[in-house]
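Q: The following block contains a protein sequence and its predicted model.
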Amino acid sequence: MKPKNVLYFIDDRPLVEEILEIITSLKIELVSRTELEALWNHLVESYHYLGYKKTIGPRVKYLV
């Protein structure tokens, strides 16, 4: 009799508790109209796939 092929899967993803610990330690900071707004502009201009262009109208800028 031919042995059956058996696939093994080892789930090495982090536990939900570990993910929650990371997420709850994050801090979201409003940077619109602060000294950190220039950093936000630089980061978006450098790393966002659309780049940064001045916007018209209301907008909110956050850093995490």
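A: Received, thanks.
Q: contacting residues for E29?
A: Listed by CB atoms under 8 Å, 6 or more residues apart in numbering, the contact partners of E29 are L36, Y62, L63, V64. Using the backbone N, CA and C atoms, a C-beta is placed for each residue, glycine as well.
Q: Distance check, it against V6.
A: 50 Å (CB to CB, to the nearest Å).
Q: Now do stretch 33-49: everything it contacts.
A: Outside stretch 33-49, the residues that touch it by CB under 8 Å, 6+ apart are E29, V31, G51, Y52, K61, Y62, L63.
Q: Quick check, the fifth one in contact with Y52.
A: No: K61 is not in contact with Y52 according to CB atoms under 8 Å; the separation is 10.5 Å.
Q: Mind checking which of the two has more residues around it?
A: A side-by-side neighbour count of K61 and Y52, using other CB atoms under 10 Å, places K61 first with 18 against 14.
Q: and for K61 and Y52, which residues touch both?
A: Shared contacts of K61 and Y52, counting by CB under 8 Å, 6+ apart, come down to nothing at all.
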